[in-house]
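**Student:** Predicted model follows, preceded by the sequence.
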Amino acid sequence: MGKKTAGSNSEPKLLRTLGLWQVALYATGSMLGAGIYGLIGRAAGELGSAVWLGFLLSLVIALLTGLSYASLGSRYPRAAGAAFITQRAYRRGLLTYMVGATVACSGMTSMAAGAGVVAQNLQRLGVLAEFPVIIITIGVVLIVAAIVFRGIRESMWANVLCTVIEAAGLFLIVIVGMRYWGSADLFETPVAADGNMSPLSLLMIAQGAILTFYSFVGFEDLLNVSEEVRNPERNVPLGLGLALGVVAFLYISVAITAVSVVPWQELAESGAPLAEVMARAAPWFPNWLFVVITIFAVANTVLINYVTASRLIYGMARDQGLPGILAKVHSKRHTPHMAIYLVLAIIIALVLIGDLGDLAEATVLLLLLVFAVVNSALVILKLRPSEPKGRFEIPILIPALGALFCTAFFFARLSAADWMAPLIAGTLLMLVAVYYFAAKPHISQDS
């Protein structure tokens, strides 16, 4: 008998349990959360009242890459999607490894930072106030790990609950603040060096969109759970399209509402911009309740990133790019438990390191590179006659433009970042390369 390999037919497998509405909510929850709840103030500082234009341009760019991911999910519904697609298109093991490691790293740094935000907000509520933030943070991570280990169905139900709550918070802001619409000049911009208002230009909007684009990041998570989706050829692209539509409506509406209720100058200085909007538009609304909504929003980001990172590691291990033990699936829970344990260990290590600001900025730079690679990979695969078609095909111009815009965003962000973030990004790539050449892992040539 032949030797069993990770992921062979004799091993437990991931279950296809996710339907269309769960897919749509998963993708929506991936994009909502920490970004919009904390980012809009910084974006207002760059674009003034015209911050909504930044979100609009970000939507266009996110939609280009999102359509590419939807098409790829229709063609190749499997875990470790970005790494698998990179290898299928380029046949370059080092590039594949870098893509996989980058996606996993961005997810885990986001989890560590998000868990810390949840812990801080719990202390603001007076919950567990006698414990240090770092202990509460580790406790949050352990709870999320337990949910992810329990099963994809349980993770999705938790995601549904959190997504509904965080979306309700954004809808509430729009509802209570809509009466202020029309009270602000939606094209007012920050003051230039000479004291005059800066003219609104495409370059200025593009610079602001580099910041607001990160609020849309998360749609790529769906590709890594497509192996657990029923009828993925249909449900992945349709669910992603629905999610982008809902998120776009919420973001642009919230942006208009925020600068209409609170002058953009004050919004830019606020540490909790949306809480400030609620306090002014609806002073009757309990502040503690909006803090609870924020906790659910950020916790959802942690949950979804945990699911994504564990499936990515599982998929790479199953393809023999990582140690085979990480491709083990629990016989009862049908979850990649060894990958879940590894992610837990890494997150706790990141939490103990402390300040993750520079590390998070570095992984954002790398994630833009991933988007550029994945878009260009789809261009290559569409030009290859032997490649199977999916049920959702897009014109080749879409991934080509997606690759172009993501590359431009990367260099724009690189020029704006301080020296530490690019240094971390470069070090990460170097470590991945060192591991690749030292371990010589097998990279599947499955086509």
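**Tutor:** Perfect, thanks for sending it.

**Student:** For stretch 331-339, buried residues please.
**Tutor:** In terms of neighbour count (16 or more other CB atoms under 10 Å), stretch 331-339 has its buried residues at 333, 334, 335, 336, 337, 338, 339. (Each C-beta comes from the backbone N, C-alpha and C, glycine too.)

**Student:** got the end-to-end distance for it?
**Tutor:** One end of stretch 331-339 to the other measures 14 Å (CA to CA, to the nearest Å).

**Student:** And for that stretch, what's in contact with it?
**Tutor:** By CB atoms under 8 Å, 6 or more residues apart in numbering, the residues outside stretch 331-339 that reach it are 12-15, 148-152, 309-311, 313-314, 317, 325-330.

**Student:** ditto for stretch 407-416
**Tutor:** Here stretch 407-416 makes contact (CB under 8 Å, 6+ apart) with 61, 206, 207, 210, 213, 364, 365, 368, 369, 372, 422.

**Student:** export these to a markdown table and tack on distance to residue 234 and pLDDT?
**Tutor:** Shown next, in a markdown table, are the contacts of stretch 407-416 (distance: CB to CB, whole Å; pLDDT from 0 to 100):
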| residue | distance to residue 234 | pLDDT |
| --- | --- | --- |
| 61 | 25 | 83 |
| 206 | 35 | 70 |
| 207 | 38 | 66 |
| 210 | 34 | 68 |
| 213 | 28 | 75 |
| 364 | 32 | 71 |
| 365 | 34 | 79 |
| 368 | 29 | 85 |
| 369 | 30 | 87 |
| 372 | 27 | 92 |
| 422 | 41 | 82 |
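
**Student:** As TSV, those with neighbour count, distance to residue 54 and secondary structure would be great.
**Tutor:** Conversion of these to TSV gives the following (neighbours: other CB atoms under 10 Å; distance: CB to CB, whole Å; DSSP: H, G, I helix; E, B strand; the rest coil):
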residue	neighbour count	distance to residue 54	secondary structure
61	23	11	helix
206	17	9	helix
207	16	9	helix
210	22	9	helix
213	26	8	helix
364	22	16	helix
365	22	19	helix
368	27	16	helix
369	17	22	helix
372	20	20	helix
422	17	23	helix
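
**Student:** And those, which is closest to residue 140?
**Tutor:** Residue 140 lies nearest to residue 364 out of the contacts of stretch 407-416, by CB to CB, at 22.2 Å.

**Student:** How many residues are close by the nearest residue to that closest one once chain neighbours are set aside?
**Tutor:** Computed as CB to CB, 6 or more residues apart in numbering, the closest residue to residue 364 that is not its neighbour in sequence is residue 214, at 6.3 Å. Residue 214 sits with 21 neighbouring residues when counted by other CB atoms under 10 Å.

**Student:** ok, back up a step: mind putting the buried residues of stretch 331-339 into TSV with distance to residue 222, secondary structure and pLDDT?
**Tutor:** Shown next, in TSV, are those (distance: CB to CB, whole Å; DSSP: H, G, I helix; E, B strand; the rest coil; pLDDT from 0 to 100):
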residue	distance to residue 222	secondary structure	pLDDT
333	22	coil	79
334	19	coil	81
335	18	coil	84
336	17	coil	86
337	22	helix	88
338	23	helix	92
339	18	helix	90
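
**Student:** now those in CSV, with distance to residue 190?
**Tutor:** Shown next, in CSV, are the buried residues of stretch 331-339 (distance: CB to CB, whole Å):
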residue, distance to residue 190
333, 52
334, 52
335, 48
336, 47
337, 50
338, 50
339, 45
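
**Student:** Roughly how far does residue 364 sit from residue 112?
**Tutor:** Applying CB to CB, to the nearest Å, the value for residue 364 to residue 112 is 14 Å.

**Student:** same question but for residue 159, I mixed them up
**Tutor:** Going from residue 159 to residue 112 by CB to CB gives 19 Å.

**Student:** what about the two, which has more around it?
**Tutor:** Neighbours were counted for residue 159 and for residue 112 using other CB under 10 Å; residue 112 has more, 25 against 22.

**Student:** Helix or strand for the more buried one, just tell me which one.
**Tutor:** Residue 112 belongs to helix 93-124 when assigned by DSSP states H and E.

**Student:** What's the first helix or strand after that helix?
**Tutor:** Sequence-wise, the next helix or strand downstream of helix 93-124 (DSSP H and E) is helix 133-150.

**Student:** picking that back up, now, the contacts of stretch 331-339 that are in helices?
**Tutor:** 148, 149, 150, 152, 309, 310, 311, 313, 314, 317 (DSSP state H).

**Student:** What distance do you get for the nearest residue to the first one once chain neighbours are set aside to residue 116?
**Tutor:** In space, and not counting its chain neighbours, residue 148 is closest to residue 306: 5.0 Å by CB to CB, 6+ apart. Between residue 306 and residue 116 the distance is 15 Å, computed by CB to CB.

**Student:** Likewise for residue 370?
**Tutor:** For residue 370, the distance to residue 116 - CB to CB - is 24 Å.

**Student:** Likewise for residue 286?
**Tutor:** 24 Å.

**Student:** ditto for residue 334
**Tutor:** Going from residue 334 to residue 116 by CB to CB gives 31 Å.

**Student:** for residue 128, same thing?
**Tutor:** Look at residue 128 and residue 116: by CB to CB, they are 14 Å apart.

**Student:** Which one's more surrounded, these two?
**Tutor:** Neighbour comparison, residue 128 and residue 116: the larger count goes to residue 116, with 24 against 14 (by other CB under 10 Å).

**Student:** Run through the residues that contact the nearest residue to that one once chain neighbours are set aside.
**Tutor:** The shortest distance from residue 116 to any non-neighbouring residue, by CB to CB, 6+ apart, is to residue 137 (4.9 Å). The contact partners of residue 137, taken as CB under 8 Å, 6+ apart, are 112, 115, 116, 118, 119, 351.
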